[in-house]
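Trainee: This is a predicted model, with the sequence first.
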Amino acid sequence: MLKTPGWEMMIVWYFFLGGIAGGAYFTAAVADNFGSARDGRVARVGYLLSLPLVAICGVLLILDLGVPMRFLNMMRAFKFWDPMSIGAWALGVFGLFAVVSSVLSFSTSEPRIALRRKIGLVGILFGFFLASYTGVLLSATALPPWNGGRLMGALFLASGASTGMAAISLILFLTGASAGDGWDRVKRADRFAMVFELVVLALFLFVLGSAGAPLVSGHLAPLFWGGLVVAGLIIPLVLELSLHGARATAAISPVLVLVGGFVLRYVMVMSVHT
Amino acid sequence: MARTLAMFTDTSLCIGCRACQVACKQWNELGMEAPEWTGGYQNHEHFTDKTYRLVRFIEEPKPSGDLAWLLMSDVCKHCAQAGCLDACPTGAIYRTEFGTVNINPDVCNGCRYCVSSCPFGVVAFNHETGTAKKCTFCNDRIHNGLGPACAKACPTESIQFGFRDELVAKAEKRVETLKGMGFKDAQLYGADAKGFLGGLNAFFLLLSKPSVYNLPDNPQRPQRNVVVDSLFSIGSALVVGLGAILAFRGRGQETGGGDA
């Protein structure tokens, strides 16, 4: 006799876009700090992508409230044990990082670039937080199957990183920058994230056990297996590994990864309505 | 903090008159709702944003083939470790000096996290006000020395209100009496302050297993998952982070034959 919170598409979009924002920022900061000068484009695209996404995230969260005008009441409390509370704070802090890093991504002066790199390293923490806390938030409820798997946050993080990288590589492709080796490195990092996500997903289902029935055998099952596992993870991985570097598949696999990331958030959020 | 106040609902005394349910509606001005067909006398099926007290009519099959008619007036448990309170990001849900759990309607912004965090499905969302609603133990009444409306209205003293320690002692005695009368499954639910959720400030005497009453056997604080899940998320971040660093670091190999 439990009650569901009635979270619908706005929350699904928020989880999805928040994952991309965190993942894109993380990819940008890694490219900025550990890549060569030729990866500069990856960094700039990643930083600049995270900014509008985090803004949309904020709007979605506010509009989903019962009383949107009271959204600032989230700042009345800081509960470190409560994902909803620290999540609201982290979203705001991450937004600041996205603004600063985006502004500095246009900078050409060495000291400012050095500053941007340092800021990026700290911002990664908040980006990761934004990508993963939503999974922990679902898990810290009284509702099965949300509360059954211990790896929802880990899974959302892997998916956030992967979709963030996919979004960057898609933008690089569409803007004609897909010939550079920055692009290859994003794709390489994304392949790794996808393989890792598959492993985490398998472990997640194992831990969830029979509580995972709404996902793996209920009405969401076709979407879960077809949309997430096959179309969102296995096909893009096969495309990437077998047709490595082929132009025809260059845009297909990131699009599929993004679709898979959306389906993941959708089936997870909706799995509580049975 | 004042002495903890509590509500003891002795289901063995309930006659299903629903005076409590009506008194609650009247005092708290909860308004009308369309009735629900539940296949029996119970209405509604569960707590709503306008039903804080609910008399459950439960038919339990007995070994003899008969049905036992179990009646239980259900209410918010005002848990000592309240999932809704821990989940509330605005601080709208707070604990009073009497140990009860309340929602401040002027602060709640309707995020609905409390709704999903209640192990008993009590907290409900009101679409008109956009805020969460639940029983307050009649906060206005108890602050003026009156008992909650439901307890005042109960004609059989199935619902008793008072200091928690006194009520628990009374309840324990009552269980022994009932067992002596042959109700061998008589048991207290939520009376033990060392038990689940630190004890319930609205606790019950049941005549059968909790699951028969649609109550969870061992409800847990939802927040217990946060630490482990966060650690796994950090582990995931480390793996993904290392993978990306390696992908961007290996530029020597990359130009050598990465995309051949």
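Mentor: Cool, the structure landed.
Trainee: tell me the secondary structure for the residue lying closest to B:Ser211 once chain neighbours are set aside?
Mentor: Among residues not flanking B:Ser211 along the chain, B:Asp217 sits closest, at 6.1 Å (Cβ to Cβ, 6 or more residues apart in numbering or on different chains). To be clear about C-beta, it is placed using only N, CA and C from the backbone, and glycine gets the same treatment. Per DSSP: H, G, I helix; E, B strand; the rest coil, the secondary structure class of B:Asp217 is coil.
Trainee: my read: B:Asp217 touches B:Pro210, true?
Mentor: Yes. Counting by Cβ atoms under 8 Å, B:Asp217 touches B:Pro210, with 5.4 Å between them.
Trainee: So for these two, which sits in the more crowded spot?
Mentor: Comparing B:Asp217 with B:Pro210 by other Cβ atoms under 10 Å in any protein chain shown, the one with more neighbours is B:Pro210, at 16 against 9.
Trainee: For that one, give its distance to chain A.
Mentor: Distance, B:Pro210 to chain A, by Cβ to the nearest Cβ, to the nearest Å: 12 Å.
Trainee: With B:Asn201 instead?
Mentor: According to Cβ to the nearest Cβ, B:Asn201 and chain A sit 18 Å apart.
Trainee: ok, now which ones touch the residue nearest to that residue when sequence neighbours are not counted?
Mentor: Among residues not flanking B:Asn201 along the chain, B:His78 sits closest, at 3.7 Å (Cβ to Cβ, 6+ apart). Contacts for B:His78 (Cβ atoms under 8 Å, 6 or more residues apart in numbering or on different chains) come out as B:6-7, B:99-101, B:135, B:137, B:200-202.
Trainee: ok, now A:Val272?
Mentor: Residues in contact with A:Val272 (Cβ under 8 Å, 6+ apart) are A:4, A:143-146, A:214, B:116.
Trainee: tell me which of those is nearest to B:Ala151?
Mentor: For the contacts of A:Val272, the residue nearest B:Ala151 by Cβ to Cβ is B:Ser116; the value is 29.1 Å.
Trainee: Please report phi then psi for B:Phe163.
Mentor: Torsion angles at B:Phe163 (phi, psi; degrees, to the nearest 10) stand at phi -70, psi 140.
Trainee: The closest residue in space to it that isn't next to it in sequence - how many residues pack around it?
Mentor: Leaving aside its chain neighbours, B:Phe163 sits nearest to B:Arg3 (5.1 Å; criterion: Cβ to Cβ, 6+ apart). Here the number of neighbours of B:Arg3 (other Cβ under 10 Å) works out to 13.
Trainee: Give me the pLDDT value at B:Arg3.
Mentor: Looking at B:Arg3, its pLDDT is 88.
Trainee: quick one: it and B:Leu167 touch, right?
Mentor: No. B:Arg3 is not in contact with B:Leu167 according to Cβ under 8 Å; the separation is 11.3 Å.
Trainee: Doesn't B:Leu70 belong to a strand?
Mentor: Yes. Assessed with three-state DSSP, B:Leu70 lies in a strand.
Trainee: Okay, and the beta partners of it?
Mentor: B:Ile58 (DSSP bridges).
Trainee: which ones are touching it?
Mentor: B:11, B:56-60, B:207-208, B:212-213.
Trainee: What subset of the residues you listed is buried?
Mentor: By neighbour count, with 16 or more other Cβ atoms under 10 Å in any protein chain shown, the contacts of B:Leu70 hold B:11, B:56-58, B:207-208, B:212-213 as buried.
Trainee: what's the first-to-last distance across stretch B:214-233?
Mentor: Length of stretch B:214-233, first residue to last, Cα to Cα, to the nearest Å: 34 Å.
Trainee: about what we covered before: using JSON lines, please lay out the contacts of B:Leu70 together with pLDDT.
Mentor: Formatted as JSON lines, these follow (pLDDT from 0 to 100):
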{"residue": "B:Thr11", "pLDDT": "97"}
{"residue": "B:Arg56", "pLDDT": "96"}
{"residue": "B:Phe57", "pLDDT": "96"}
{"residue": "B:Ile58", "pLDDT": "94"}
{"residue": "B:Glu59", "pLDDT": "92"}
{"residue": "B:Glu60", "pLDDT": "90"}
{"residue": "B:Leu207", "pLDDT": "96"}
{"residue": "B:Ser208", "pLDDT": "95"}
{"residue": "B:Val212", "pLDDT": "95"}
{"residue": "B:Tyr213", "pLDDT": "95"}
